[in-house]
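Enquirer: my questions are about this predicted structure, shown below with the sequence.
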Amino acid sequence: MAVERGRRLSIRARLTFTYTSLLVASTLIVLAGVWVMLAIIPGYEFTYGPYPSAFWPVVYVQGKGDVLRLFAIASVPIVLVVGILGGLVSYLVAGRVLKPLTDLTTLVRTIDERSLNTRLDLRGPADEIGTLAATFDTMLSRLETSFATNARFAANAAHELGTPLATTKTILHVARRQAANDPLAADTLARLAAVNEQMISITAALLALTSTAQSPLNDVVDLSELVDAALSDNHADIERRRLTVRVSIPGQAGSDSSGMGLASGVGSGAIRVAGDRVLLARAIVNLVRNAVLHNVDGGYLETSVANGVAAASGAPAAVLTVSNGGADLAGVDLESLTEPFVRAEQRLRRGASRTDGHGLGLALVRSIADVHSAELRLERNEPDGLRVTLTLPRL
């Protein structure tokens with residue numbers, strides 16, 4: 001849980017104040033010592049007359065008291081000069097001392113699972129800051145190794161499972177043809193085939209999860225085209241569940257379930273983003289499929305693409321929203337739905353069976369959003385259902 005911290009001066013400001021205070025205090029101590037020495041010396045020669053005569057109040061020196069008063073007046077600009085110069089030098093020195101920490105902070109802010117090979121690689125003495133930087137580099141190395149190991153394991157497991165699952169699919173297909181005259185056997189084989197398809201889908205999703213971080217992000221993608229394709233891919237399930245579909249895309253007339261074919265949107269209403277076309281298409285397909293599977297028969301599905309701004313940075317963004325009816329998600333931790341193999345129990349009570357989804361759809365969307373530096377927000381619809389908003393940096 002995040003701990004609230006009160007606002008206070010930066011370390012650089014505090015070091016500057018400390019160094020300057022010590023310099024001024026040292027100067028005052030030295031001047032005070034000189035003043036005391038002048039005061040306790042029994043007698044010394046001095047020239048009578050006004051001092052100084054140009055910039056400072058005139059002091060007529062006629063005795064030791066006048067000398068001490070003149071010394072006190074001259075000490076004021078000395079202390080001011082020492083304070084100003086000392087503060088400036090202290091600020092520069094503190095900045096130089098803290099520069100490795102500043103570099104470390106900047107590096108930490110930019111590191112994600114795609115850049116774990118970054119290192120601070122600080123050159124300098126083996127002091128406390130150098131030790132901290134070296135420790136941080138060591139931690140990054142361990143994290144990089146751990147992430148790479150986990151990714152390889154998931155990829156290898158998904159790949160190794162692919163071959164036997166494909167073989168099982170073929171065997172079940174042949175067996176179902178041979179058992180066409182046996183209703184009981186045909187029903188059992190159909191159930192096994194459905195489970196096998198589910199396993200194939202899970203392994204494909206796992207493989208996609210492990211490959212997102214290595215994907216290049218240099219495609220120019222029109223989101224309206226991907227929304228059109230995602231709705232077309234899920235058209236059969238939309239028709240089967242009798243869902244009402246509403247689509248809102250700039251420059252295009254709204255579409256419902258009777259008009260699934262949308263225009264490409266390459267005209268003035270096109271909203272383009274930079275990224276990996278395959279991954280973005282997979283994310284949108286998953287969002288639409290999630291909205292279809294976890295809906296209710298006769299429910300609704302709304303998709304929209306619009307120009308907007310990113311909540312975190314305020315930069316121009318493309319905002320994709322997918323909303324659906326369905327179970328009442330009150331009391332459900334919506335953010336947990338983006339974790340692998342997590343599904344809301346409330347969803348399973350209304351029209352969606354446990355074999356409809358595998359709990360990786362939104363997890364994969366989250367991974368793709370992170371790769372594209374996008375914002376993913378899940379909200380509860382009123383009175384029920386889910387609204388998912390994907391905010392991508394716009395070209």
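Expert: Sure thing, it's come through.
Enquirer: only C-alpha atoms from now on, for both contacts and neighbour counts.
Expert: Fine.
Enquirer: can you pull out the strands in the stretch 201-350 of the chain?
Expert: With strands called from DSSP state E, counting those that start in this stretch, the stretch 201-350 of the chain shows them at 219-222, 244-248, 272-275, 300-309, 316-324.
Enquirer: so which of those strands is the most packed in?
Expert: Across these, averaging neighbours per residue (mean count of other CA atoms under 10 Å) puts strand 316-324 on top, at a mean of 23.
Enquirer: show me what that one is in contact with.
Expert: With CA atoms under 8 Å, 6 or more residues apart in numbering as the test, strand 316-324 has contacts from 271-273, 287-288, 291-292, 295, 299-310, 381, 385-395.
Enquirer: and the following helix or strand past that strand, what other elements does it pack with?
Expert: Next along the chain after strand 316-324, taking DSSP states H and E as the criterion, comes helix 361-371. Counting contacts by 3 or more CA pairs under 8 Å, 6 or more residues apart in numbering; DSSP states H and E, helix 361-371 is packed against helix 183-211, helix 277-293, strand 375-380.
Enquirer: can you say which of these is nearest to Ile78?
Expert: Proximity to Ile78, assessed across the helices and strands packed on helix 361-371 by CA to CA, is greatest for strand 375-380 (56.9 Å).
Enquirer: how much space separates Glu302 from Ala310?
Expert: Glu302 is 21 Å from Ala310, where distance means CA to CA, to the nearest Å.
Enquirer: do Arg14 as well
Expert: Distance from Arg14 to Ala310, by CA to CA: 35 Å.
Enquirer: where does this protein have low pLDDT?
Expert: Residues of the chain meeting the criterion pLDDT under 70: 1-6, 43-61, 113-114, 205-206, 208-216, 251-269, 341-359.
Enquirer: for Arg242, give me its contacts.
Expert: Residues near Arg242 by CA under 8 Å, 6+ apart: 297-299.
Enquirer: how does it look with 6 Å?
Expert: Residues near Arg242 by CA atoms under 6 Å, 6 or more residues apart in numbering: Gly298.
Enquirer: just to revisit the earlier point, can you list the helices and strands packed on helix 361-371 in JSON lines and add mean neighbour count and distance to Arg366?
Expert: Listed next are the helices and strands packed on helix 361-371 as JSON lines, based on neighbours: other CA atoms under 10 Å; distance: least, CA to CA, whole Å:
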{"stretch": "helix 183-211", "mean neighbour count": "17", "distance to Arg366": "10"}
{"stretch": "helix 277-293", "mean neighbour count": "22", "distance to Arg366": "8"}
{"stretch": "strand 375-380", "mean neighbour count": "18", "distance to Arg366": "7"}
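Enquirer: so which of the strands of the stretch 201-350 of the chain gets nearest Ser115?
Expert: strand 272-275 (17.0 Å).
Enquirer: alright, calling it a day.
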